[in-house]
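# show me how the following folds:
(one chain, ligands or ions: 1)
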Amino acid sequence: MRERLILALDADDAVVALRLANGLRDYFAIAKVGLELFSATGPSVVFALREAGFRVFVDLKLHDIPTTVGRTARVLGSLGPAFVTLHAAGGVDMLRLGVQGLLEGSREAGEEMPIALAVSVLTSESRAEPELLATRISTALAGGAQGYVAAVQDLATTKAVAPSMISVVPGIRGKGGSPDDQARAATAQEALAAGADYLVIGRMVTEAPDPVEAADALLAGLFE
Ligand SMILES: O=c1ccn([C@@H]2O[C@H](COP(=O)(O)O)[C@@H](O)[C@H]2O)c(=O)[nH]1
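So this is what the prediction gives:
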């Protein structure tokens, strides 16, 4: 299970993020660097997490004109992450250049090509219209993404459109836990039952009074 759990390191400090990741390494094989952490540290945190033995997920949700995304993806590909997000709303051309940039950047740096994940509809949005969702997933497929990020509630639609794409699900909460700003949250058990390949775990563990205890409880719940 450890290989399918992604730890969202949403902090503005590399020391805090690395301490958190190291303390939870028994539970998480993948560390996610989002906008907050990358803005604070730049690429150095990606190298530090890799050095510490984590697969790294760079979650910057690239969304810009195709050339800019392609060039940025080339830089990110050279850092050796395992996953990179691009926003499906950017369209097929943007995704294509993004995926090409990841390929070129990783190849030039002698790294494995990261998995390109297209963000479909953010889990903080209260509704994902099935038509929009289906269009975003078709766009992701046509643009060359290997996977997508979606809410648990969306997996029936996304899997019908693209059964072989990798699904990554954020917005995971314990039963009765506060959803915070997640409008479409679900439990880890619900996500796995719906067919999620990877689960993104953030505040339910990282902001728990005892993150190790929270991770332990999360894992125990998955094997009940
Ligand atoms: O639709 C999306 C896409 C990405 N995220 C990211 O996942 C984590 C969730 O953190 P929680 O603390 O569990 O809410 C966070 O880094 C988001 O940027 C998402 O939530 N929804």
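
# show me how far stretch 60-71 is from its chain's centre.
17 Å (C-alpha atoms, centre = their mean, to the nearest Å).

# kindly apply the preceding question to stretch 39-54 instead.
16 Å.

# export only the CA atoms of it, formatted as PDB.
Extracted C-alpha coordinates of stretch 39-54, given in PDB (Å, rounded to 0.1, in the frame of the first residue of the first chain):
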ATOM      1  CA  SER A  39       7.600  28.400  -4.500                       C
ATOM      2  CA  ALA A  40       9.500  28.500  -1.200                       C
ATOM      3  CA  THR A  41      12.400  26.200  -2.100                       C
ATOM      4  CA  GLY A  42      12.600  25.800  -5.900                       C
ATOM      5  CA  PRO A  43      14.000  22.600  -7.300                       C
ATOM      6  CA  SER A  44      16.300  21.900  -4.400                       C
ATOM      7  CA  VAL A  45      13.500  20.200  -2.400                       C
ATOM      8  CA  VAL A  46      12.900  17.800  -5.200                       C
ATOM      9  CA  PHE A  47      16.600  16.700  -5.100                       C
ATOM     10  CA  ALA A  48      16.600  16.500  -1.300                       C
ATOM     11  CA  LEU A  49      13.500  14.300  -1.300                       C
ATOM     12  CA  ARG A  50      14.900  12.000  -4.000                       C
ATOM     13  CA  GLU A  51      18.100  11.800  -2.100                       C
ATOM     14  CA  ALA A  52      16.100  10.800   1.000                       C
ATOM     15  CA  GLY A  53      14.600   7.900  -1.100                       C
ATOM     16  CA  PHE A  54      11.200   9.200  -2.100                       C
END
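
# hmm, that stretch in reach of the ligand?
No - for a cut-off given as C-beta under 6 Å from any ligand atom, stretch 39-54 has no contacts with the ligand; the smallest distance is 12.4 Å. For glycine as for every other residue, the C-beta is placed from the backbone atoms N, C-alpha and C.

# may I see the buried residues of that stretch?
41, 43, 45, 46, 48, 49, 50, 54 (16 or more other C-beta atoms under 10 Å).

# ok, stretch 130-137 next?
Quick answer for stretch 130-137 (16+ other C-beta under 10 Å): 132, 133, 134, 136, 137.

# biggest strand in this structure, by residue count?
Using DSSP state E, we find that the single longest strand of the chain is strand 55-62.

# residue contacts, residue 215?
24, 26, 27, 28, 201, 205 (C-beta atoms under 8 Å, 6 or more residues apart in numbering).
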